[in-house]
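Asks: Here is my input, please return the structure:
(2 chains)
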Number of protein chains: 2
Amino acid sequence: MAEELEGNCLVAQSGGPTAVINSSLAGVINEALNHECVEEIYGGLNGILGILNEDLIDLAEESQQTIRALRYTPSSALGTCRFKLKREQDFQRVLQVFNAHNIRYFFYIGGNDSQGTADHISRLAQSQGYALRVIGIPKTIDNDLVATDHCPGYGSVMKYAATTVKEIAYDNESMGQGDLVSVLEVMGRNAGWIAAGTSLAKRREHPGDPPHLIYLPEVAFTPEKYLDDVQRVLGKERYCFVVVGEGLVDRDGNYVATSSGQIDSFGHAQLGGAGEYLRKLAEQHLGIKARAAKLGIGQRAAAHCSSQVDNDEAFLAGQAAVKAAIEAGETDKMVTIIRSDADQYGSETGLCDLSTVANGVKSVPESWINDDGVSLNFQFFKYALPLIEGEVGVPYENGVPNFARLYRIRVDRMLDAHKFE
Amino acid sequence: MAEELEGNCLVAQSGGPTAVINSSLAGVINEALNHECVEEIYGGLNGILGILNEDLIDLAEESQQTIRALRYTPSSALGTCRFKLKREQDFQRVLQVFNAHNIRYFFYIGGNDSQGTADHISRLAQSQGYALRVIGIPKTIDNDLVATDHCPGYGSVMKYAATTVKEIAYDNESMGQGDLVSVLEVMGRNAGWIAAGTSLAKRREHPGDPPHLIYLPEVAFTPEKYLDDVQRVLGKERYCFVVVGEGLVDRDGNYVATSSGQIDSFGHAQLGGAGEYLRKLAEQHLGIKARAAKLGIGQRAAAHCSSQVDNDEAFLAGQAAVKAAIEAGETDKMVTIIRSDADQYGSETGLCDLSTVANGVKSVPESWINDDGVSLNFQFFKYALPLIEGEVGVPYENGVPNFARLYRIRVDRMLDAHKFE
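Replies: Down below sits the predicted model:
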């Protein structure tokens, strides 16, 4: 056991939500309650934005029933943001808020940008001699964080997207006339993990099952090869099922389709339209009827079709973060998921430096992509399949899922309002 | 009991599939097996197209396990088509095929076009003195058939779409910065039943819950009112959730958005893009960040989130068709669903003339749409809510649903190939 640090704990969520990000939050709360050195368990609303604004809530006031229901509630129950801290006075403000509320443990559930923010806060505290333990909890449907075998959130989006592919494919297959190109656009800004994951809709030993063509950001796209690919599939099948990740790029690394060209506050292009682009290409150049669907935000919120393995790991990651900070005295680390070597899938949690994860992006390994550039080999299946196993039982009321909502008892503010400009 | 008619029975599926169309097929097979006057139970592949081609399969050869699994398998297990019989020699060919295979019972699961085809076949048989009993089984996610309280297929698409709306809305609500317009496009060519059904995502007594704005084909669309509507919602909420049916029309009755202008073989425009159109309107005219998603084919195939009430009614409709033909000696009728008068929801089946249903289209009643034109009143809720109750338990294997596939033992052809031109 490390030296005990008495004080309050703060947990916040950042970036795009997932189906299981609240399961990590529940894990943090559940574990923090076990430790006497933790006096209060606060939640920061809307990520780092809420911390700057001193928008804190008292999570210990929430009912046990609510905390339990968080485990199957999508979205970020604390609210989230895509605000990026840049100015030094903003970081100083974070520490002022922490100091005012005696925050000694800070848990930040987010992706690589968020882990970078946590790292900066941790280092600033150290440099100023403010006793603080900071542990990041990985979260992203994109599965693009380095240093962890996979990210909580990824298994659930794969399960939903693969289920949707299987259902649409059954529908496509039953249409009796003419050729059809069926395009499904999924998320994935920098890496094709979600698009790749839809290949789990294939039955084992049936590599020819839909989806027939998967276009990943990892493989430079050319319209010529795409049209050849489609024609090759339609030489064998009555329909061609195409999955495309939103972040598809050409040989020069430019996105093949953007809906508006807008750039978000992290400098990321707001993407959209890759599916519609592929639909039009097929219809215009091959004269084949083509349809496109775009799962959009629904895919990262689809708790009703989420993975039990993913949900359990998200919860454990939240618990592990608290244990690392309190029992082991760790700081400036992110929880990782480590896969066991056994034949049967199993995992445990580990830790890595926040700085390692902050700016890295993990792509789908080239060696897992077949030579055709549009399908995945057995190594990907071995990696991905265990992550979608098990179905989370979501309670329904009046025919739709019954999700939790935090009561949000506010913590009194101690400071003046923050000046953002 | 009517006079017994000995011979074979043929069942086929037509038009766009639904999540429960195979439950009706299972109902037909299940009931037909109870009647000794039925010698063989054949399935026609790809609707009327397969009948013209004599593509028949022996459904009695399928395993009990497969027939049971049909109850939660989306798509049309027999295959379907959108081919419209027009030439008199094609109708004659149908009767030749029926005669060659001693078909005396014909069950056609489909929408209004398909019921029109069944009606024509029935009358032709009567005029030629060929003993045949024809019963239609209603099927459409669009819920636009007249003479029936509602259509099997509708409850399930509502349940999936409303669930998706609720999940996306939770996600939207948790984003902490700025205004957001979130658009979801759902199906519905001539009527707004599916779009209206997403209002079931609202909690009772919370009319302000998302979806905030629902645009139905029943209400003429103007961009000016839409932009006003969005601004009104954003005056109260941090995000505006918009649902739009694909068949949205302007004051002149023209579709506001078509993806390609193509016309299908029934003379229907191939629609798409209404959601993207509303997204762009908000972004360009209001300068507000907007996102759009399009559920596409997935919504009519989403067995994983289908309604138990809907599934049960689809099965009962299949059984009722067989009972009507064999026990009551009915012909030239379609099975209808009749809602009971009791406070607690209940339904039974009835019959109507095929000709009644063939060319009618049932829209959402004007009296169920609020004066704002973008929300539904309690009468709609009372009508729709019971139809989405209950969750169908779909078995999963390797993390994705495990659906049935017919073995398809072919019936020997007796005739020469049909000439289509």
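Asks: from here on, contacts and neighbour counts on C-alpha atoms
Replies: Will do.
Asks: residues near A:Tyr345, how many?
Replies: As a burial measure, A:Tyr345 scores 13 neighbours (other CA atoms under 10 Å in any protein chain shown).
Asks: That one is in contact with A:Val309, isn't it?
Replies: No - using CA atoms under 8 Å, A:Tyr345 makes no contact with A:Val309, being 10.1 Å away.
Asks: tell me, what's touching those two both at once?
Replies: Common contacts of A:Tyr345 and A:Val309 (CA atoms under 8 Å, 6 or more residues apart in numbering or on different chains): A:Pro386.
Asks: Output the set of residues of the stretch 201-350 of chain A in proximity to chain B.
Replies: A:201, A:292-298, A:301-305, A:307 (CA under 8 Å from any CA of the partner chain).
Asks: Show me where chain A dips below the pLDDT cut-off.
Replies: Scanning chain A for pLDDT under 70 picks out A:1, A:258-272.
Asks: Against A:Gln115, how distant is the residue nearest to the spatial centre of it?
Replies: Nearest residue to the geometric centre of chain A (CA atoms, centre = their mean): A:Thr140, 1.7 Å. Between A:Thr140 and A:Gln115 the computed distance is 12 Å (CA to CA, to the nearest Å).
Asks: Same question for A:Asp416.
Replies: A:Asp416 is 27 Å from A:Gln115, by CA to CA.
Asks: okay, these two: which has more neighbours?
Replies: Ranked by neighbour count (other CA under 10 Å), A:Asp416 and A:Gln115 place A:Gln115 first, with 31 against 8.
Asks: Grab the nearest non-local neighbour of the more buried one.
Replies: Among residues not flanking A:Gln115 along the chain, A:Ala358 sits closest, at 5.2 Å (CA to CA, 6 or more residues apart in numbering or on different chains).
Asks: Likewise for A:Gly247?
Replies: A:Arg189 is the one closest to A:Gly247 (CA to CA, 6+ apart), at 4.5 Å.
Asks: Next, count neighbours for the one you found.
Replies: By the measure other CA under 10 Å, the count of residues near A:Arg189 is 21.
Asks: Can you name the residues that contact it?
Replies: Counted by CA under 8 Å, 6+ apart, A:Arg189 has contacts A:Asp142, A:Pro217, A:Gly245, A:Glu246, A:Gly247, A:Leu271.
Asks: Assumed it was part of a strand.
Replies: No - going by DSSP: H, G, I helix; E, B strand; the rest coil, the assignment for A:Arg189 is coil, not a strand.
Asks: how close does A:Phe315 get to A:Cys151?
Replies: From A:Phe315 to A:Cys151 the distance is 12 Å (CA to CA).
Asks: more neighbours, those two?
Replies: Taking neighbours as other CA under 10 Å, A:Phe315 and A:Cys151 compare with A:Cys151 leading, 27 against 24.
Asks: which residues touch the nearest residue to that one once chain neighbours are set aside?
Replies: Leaving aside its chain neighbours, A:Cys151 sits nearest to A:Asn143 (5.2 Å; criterion: CA to CA, 6+ apart). Neighbouring residues of A:Asn143 by CA under 8 Å, 6+ apart: A:His150, A:Cys151, A:Pro152, A:Gly153, A:Tyr154, A:Trp193, A:Lys362.
Asks: again, only using 6 Å
Replies: Residues near A:Asn143 by CA atoms under 6 Å, 6 or more residues apart in numbering or on different chains: A:His150, A:Cys151, A:Tyr154.
Asks: neighbours around A:Lys419, how many?
Replies: For A:Lys419, using other CA under 10 Å, the count is 10.
Asks: Out of all residues in chain A, which is the farthest from the middle?
Replies: Here the centre of chain A is the reference, and by CA atoms, centre = their mean the most remote residue is A:Gln177, at 39.1 Å.
Asks: Spatially, which residue comes closest to that one, not counting chain neighbours?
Replies: Among residues not flanking A:Gln177 along the chain, B:Cys81 sits closest, at 6.2 Å (CA to CA, 6+ apart).
Asks: where do the helices sit along chain A?
Replies: A:21-32, A:47-52, A:64-69, A:88-100, A:112-127, A:154-174, A:193-197, A:223-234, A:274-286, A:298-301, A:308-326, A:354-358, A:378-384 (DSSP state H).
Asks: picking up where we left off before, tally of neighbours for the residue nearest to A:Gln115?
Replies: Neighbours of A:Ala358 (other CA under 10 Å): 21.
Asks: so it sits right up against A:Asn112, yeah?
Replies: Yes - contact status for A:Ala358 versus A:Asn112: in contact at 4.6 Å, counting by CA atoms under 6 Å.
Asks: Just give the nearest non-adjacent residue to A:Val233, would you?
Replies: A:Cys240 (6.1 Å).
Asks: which residue ranges form the strands in the stretch 301-421 of chain A?
Replies: A:333-339, A:347-353, A:396-397, A:400-401 (DSSP state E, counting those that start in this stretch).
Asks: by contact count, what packs against the second one?
Replies: Based on contacts counted as 3 or more CA pairs under 6 Å, 6 or more residues apart in numbering or on different chains; DSSP states H and E, the elements that strand A:347-353 packs against are strand A:333-339.
Asks: Give me the angle between the strand it packs on and strand A:347-353.
Replies: 140 degrees (axes from the mean of the first three to the mean of the last three CA atoms, to 10 degrees).
Asks: Strand A:333-339 pairs with which strands, and in what direction?
Replies: Sheet pairing for strand A:333-339, assigned by DSSP bridges, gives strand A:133-138 (parallel), strand A:347-353 (antiparallel).
Asks: With A:Leu385 as the reference, name the closest of those strands.
Replies: Ranking those by their distance to A:Leu385 (criterion: CA to CA) puts strand A:347-353 first, at 13.7 Å.
Asks: List the buried residues of the closest one.
Replies: A:Thr349, A:Gly350, A:Leu351, A:Cys352, A:Asp353 (16 or more other CA atoms under 10 Å in any protein chain shown).
Asks: Output those in CSV, with distance to B:His212 appended to each entry.
Replies: Putting the buried residues of strand A:347-353 into CSV (distance: CA to CA, whole Å) gives the following:
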residue, distance to B:His212
A:Thr349, 42
A:Gly350, 44
A:Leu351, 44
A:Cys352, 44
A:Asp353, 44
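Asks: closest to A:Tyr383 among those?
Replies: Nearest to A:Tyr383 among the buried residues of strand A:347-353, with distances taken as CA to CA, is A:Thr349, at 16.8 Å.
Asks: That closest one: what's its closest spatial neighbour, skipping adjacent residues?
Replies: A:Ile337 (4.7 Å).
Asks: wait, that neighbour sits on A:Cys151?
Replies: No - assessed by CA under 6 Å, A:Ile337 is found out of contact with A:Cys151, at 7.3 Å.
Asks: Which residues does stretch A:357-368 contact?
Replies: Under the contact criterion CA under 6 Å, 6+ apart, stretch A:357-368 has outside partners A:Asn112, A:Asp113, A:Gln115, A:Gly116, A:Asp144, A:Leu145, A:Val146, A:Ala191, A:Leu376, A:Asn377, A:Gln379, A:Phe380.
Asks: Much appreciated, bye for now.
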